[in-house]
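Participant: Here's a sequence, model it:
(2 chains)
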Amino acid sequence: DGGITQSPKYLFRKEGQNVTLSCEQNLNHDAMYWYRQDPGQGLRLIYYSQIVNDFQKGDIAEGYSVSREKKESFPLTVTSAQKNPTAFYLCASSKGQGNHNEQFFGPGTRLTVL
Amino acid sequence: AQRVTQPEKLLSVFKGAPVELKCNYSYSGSPELFWYVQYSRQRLQLLLRHISRESIKGFTADLNKGETSFHLKKPFAQEEDSAMYYCALRGGAQKLVFGQGTRLTINP
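Facilitator: Next up, the predicted model:
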């Protein structure tokens, strides 16, 4: 393991508050991703970034925002507009160029809205 | 539209028995298929991909374009195979589309 770190491991938030989840990688990967994992629904893509200073919405981007100012970092902000934010959030990265690139996953952050 | 379906949320088999985790996909182009696994208290990790055509931990998966399937198989299940398994498809860019997952339990 190692290479991709997410912090914190557990996060609690009051309704109406924004919260930012950290994701850092030292694999020199160009592409980074945020997924949400809910029981019975698998992983759903929130946002992804194929290169620094660029990112695209995934399938469930509403209520989330991201930035990609550095290659190593891809923080995810869960805003108060996200109607059901309690979930397990996974960050991933890949080389991002060419085909057949494996995605490597972080350990995840469990967010609970109180 | 890209879609991955894993029809079984839960699958339970006895140790030594064959196991097959089903995966069907929907994609109009030429897909790239993967199986990811998440063992208890561990990160999600790649198990195998159809491009490699290799056996990992005794598991194999064959891409059947006619049936749009990519089922994961192992002839003799072991207790350490108990985990959550996700089938995933990459159809364009670098995005992966995941199935809902199948929790495999191997009974002693």
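Participant: Give me the phi and psi for the spatially closest residue to A:S7 that is not a sequence neighbour.
Facilitator: Closest residue to A:S7 in three dimensions, ignoring its sequence neighbours and counting by CB to CB, 6 or more residues apart in numbering or on different chains: A:S22, at 4.7 Å. In short, each C-beta sits where N, CA and C put it, glycine included. With angles defined as degrees, to the nearest 10, A:S22 shows backbone torsions of phi -100, psi 140.
Participant: and A:S22, what does it touch?
Facilitator: By CB atoms under 8 Å, 6 or more residues apart in numbering or on different chains, A:S22 lies in contact with A:T5, A:Q6, A:S7, A:P8, A:S73, A:P75.
Participant: run the last query once more with 7 Å
Facilitator: Contacts were defined as CB atoms under 7 Å, 6 or more residues apart in numbering or on different chains; by that measure A:S22 touches A:Q6, A:S7, A:P75.
Participant: Repeat that for A:Q41.
Facilitator: Listed by CB under 7 Å, 6+ apart, the contact set of A:Q41 reads B:Q100.
Participant: From B:F98, how far out is it?
Facilitator: Distance check for A:Q41 against B:F98: by CB to CB, to the nearest Å, it reads 9 Å.
Participant: and what of A:D38?
Facilitator: If you go by CB to CB, the gap between A:D38 and B:F98 works out to 11 Å.
Participant: ok, these two, which is more surrounded?
Facilitator: More crowded of A:D38 and B:F98, by other CB atoms under 10 Å in any protein chain shown: B:F98, with 21 against 13.
Participant: For beta bridges, what are the partners of the more buried one?
Facilitator: B:A88 (DSSP bridges).
Participant: With A:L45 instead?
Facilitator: Here A:L45 sits in beta bridges with A:Y35, going by DSSP bridges.
Participant: what do you get for A:T112?
Facilitator: As assigned using DSSP bridges, the partners bridged with A:T112 are A:F12.
Participant: Isn't it up against A:A87?
Facilitator: No. Counting by CB atoms under 7 Å, no contact exists between A:T112 and A:A87, whose distance comes to 9.0 Å.
Participant: Which residue of those two possesses the greater neighbour count?
Facilitator: Comparing A:T112 with A:A87 by neighbour count (other CB under 10 Å), the higher total belongs to A:A87, at 22 against 11.
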